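# with the input below, show me the fold.
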Amino acid sequence: MEKTNLKISEENKNERLDKFVLSSIPSLSRTRIQNLIEEGNILLNGEKVKSGCKLRVNDKIEVSIPEPRGIDVKPEKIPLDVVLEDKDIIVINKAHGMVTHPGSGVETGTLVNALLHHCKKSLSGINGVLRPGIVHRLDKETSGLIIVCKNDESHVQMAKQFHDRTLEKYYYAIVCGQVKFTQGKINKPIGRDKNHRHKMGIEQDGKEAITHWKIIKIFDDYTFLECRLETGRTHQIRVHMASIGHPIVGDKTYGKKKETSPMMLHSYKIKFSHPITNEKIELETDIPKRFNTLISK
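Residues are numbered from 1 along each chain as shown. Next comes the predicted model:
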């Protein structure tokens with residue numbers, strides 16, 4: 001157990017606990033700090049408090065970082081479409097149908113299982129033992145580019161780009177019906193659906209969510225779109241497009257439940273700065289085969 005003691009000075013009074021710890025120990029991510037607070041591993045004057053607790057002069061903070069637990073997820077030799085790789089990051093073109101990380105009864109066949117075999121021990125540990133290296137995720141039925149970090153330093157810096165919205169993500173989407181306008185912006189808050197906890201929905205008390213879209217091509221029954229995320233909420237594009245009457249083709253959760261097509265959502269392009277060298281990087285993939293199959297029909 002690694003322990004660090006911090007003391008509040010005049011210049012830090014009234015600052016939030018989680019923000020102060022984040023600036024004092026930059027090797028920890030915001031999410032990791034909030035989890036440590038909830039677990040009672042960050043104490044204020046010897047007591048467990050909330051992340052948003054305001055600090056006072058001479059407050060004492062004790063940060064205890066538990067030793068990483070041994071990971072139970074087993075490495076698996078699963079083929080990966082590697083788009084870019086160096087000692088700090090690896091970018092994968094995730095296959096349609098592949099789960100990003102173990103959970104909800106899924107223990108094998110995930111991207112994490114494949115990464116543990118491919119990268120061996122070179123994955124960041126910030127997001128815990130079940131999600132080593134994972135900075136963001138893609139739904140099982142969504143394919144495309146996903147960034148994975150090989151060390152904690154790169155993970156912290158990449159997480160900051162997601163938080164600051166300096167990273168750009170573009171998606172191909174085929175939606176039901178003919179979209180009327182050539183381009184548009186959806187700005188609707190997204191939160192957990194109050195009636196169906198496994199779903200997300202447009203909720204007034206949800207988090208800000210902004211999606212930009214423009215038409216690539218219109219067909220008789222479908223519209224091929226490019227979507228750019230300004231925020232990164234769970235199921236954002238799926239919820240937003242369904243909210244304007246144009247659900248993603250193949251989306252059985254927010255669209256037609258009897259749909260037989262695979263889901264037509266693909267993260268095709270991403271722009272970001274390398275977390276260590278700060279080099280500007282832009283990566284792009286081809287239109288997936290399942291898109292071309294539907295378009296050819």
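# residue farthest from the centroid of this structure?
Asn58 (36.9 Å; C-alpha atoms, centre = their mean).
# Thr182 versus that residue, what's the distance?
60 Å (C-beta to C-beta, to the nearest Å). Glycine gets a C-beta too; all of them are placed from N, C-alpha and C.
# separation between the residue farthest from the centre of the chain and Asn12?
From Asn58 to Asn12 the distance is 11 Å (C-beta to C-beta).
# can you check Leu138 too?
Counting by C-beta to C-beta - Leu138 and Asn12 are separated by 38 Å.
# out of the two, which sits in the more crowded spot?
Shown here are Leu138 and Asn12; by other C-beta atoms under 10 Å, Leu138 has more neighbours (21 against 17).
# where do the strands sit along the stretch 151-297 of the chain?
Along the stretch 151-297 of the chain, the segments classed as strands by DSSP state E, counting those that start in this stretch run 168-176, 183-187, 190-192, 200-202, 210-218, 222-229, 265-273, 280-284.
# direction included, what does the fourth one pair against?
Taking DSSP bridges as the criterion, strand 200-202 sits next to strand 190-192 (antiparallel) in its sheet.
# how far off centre is the strand it pairs with?
Chain-centre distance of strand 190-192: 15 Å, with C-alpha atoms, centre = their mean, to the nearest Å.
# how many residues are close by Gln34?
Applying other C-beta under 10 Å, we find 19 residues neighbouring Gln34.
# dump the residue contacts of it.
When contacts are counted by C-beta atoms under 8 Å, 6 or more residues apart in numbering, Gln34 touches 18, 51.
# Three-state assignment for it, please.
Three-state call for Gln34 (DSSP: H, G, I helix; E, B strand; the rest coil): helix.
# what separation do you get for it and Thr4?
17 Å.
# go on, Lys207?
From Lys207 to Thr4 the distance is 31 Å (C-beta to C-beta).
# before we move on, what about Lys140?
From Lys140 over to Thr4 (counting by C-beta to C-beta), the distance is 38 Å.
# got it, and Ser261?
52 Å.
# over to Ile146?
Distance of Ile146 to Thr4, given as C-beta to C-beta: 32 Å.
# looking at these two, which one has more neighbours?
Neighbour tally, Ile146 and Thr4, criterion other C-beta under 10 Å: the higher count belongs to Ile146, 23 against 14.
# quick one: that one is in a strand?
Yes: judged by three-state DSSP, Ile146 forms part of a strand.
# is it true that it touches Val99?
No: using C-beta atoms under 8 Å, Ile146 is not in contact with Val99, being 11.9 Å away.
# how about the residue farthest from the centre of the chain, what does it touch?
With C-beta under 8 Å, 6+ apart, Asn58 has these contacts: 7-8.
# and the residue lying closest to Gly201 once chain neighbours are set aside, what pLDDT?
Nearest residue to Gly201 in three dimensions, chain neighbours excluded: Asp193, at 3.9 Å (C-beta to C-beta, 6 or more residues apart in numbering). For Asp193, the model assigns a pLDDT of 85.
# hmm, back to that, just put the strands of the stretch 151-297 of the chain in CSV and tack on mean neighbour count and distance to Val83.
Converted to CSV, the strands of the stretch 151-297 of the chain look like this (neighbours: other C-beta atoms under 10 Å; distance: least, C-beta to C-beta, whole Å):
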stretch, mean neighbour count, distance to Val83
strand 168-176, 22, 14
strand 183-187, 14, 27
strand 190-192, 18, 28
strand 200-202, 19, 28
strand 210-218, 17, 22
strand 222-229, 20, 19
strand 265-273, 21, 9
strand 280-284, 12, 5
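# dump stretch 164-178 to CSV, keeping only the CA atoms.
This file holds the C-alpha atoms of stretch 164-178, laid out as CSV (Å, rounded to 0.1, in the frame of the first residue of the first chain):
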residue,chain,number,x,y,z
ASP,A,164,-10.9,18.5,-22.4
ARG,A,165,-12.6,17.5,-25.8
THR,A,166,-9.4,18.2,-27.7
LEU,A,167,-9.6,14.7,-29.3
GLU,A,168,-11.9,14.4,-32.3
LYS,A,169,-13.9,11.2,-33.1
TYR,A,170,-15.8,10.6,-36.4
TYR,A,171,-18.3,7.8,-37.1
TYR,A,172,-20.0,6.3,-40.1
ALA,A,173,-23.6,5.6,-39.5
ILE,A,174,-26.5,4.4,-41.6
VAL,A,175,-29.8,5.4,-40.2
CYS,A,176,-33.4,4.5,-40.9
GLY,A,177,-35.4,6.8,-43.2
GLN,A,178,-34.3,9.9,-45.2
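# that concludes my questions; thank you for your assistance.
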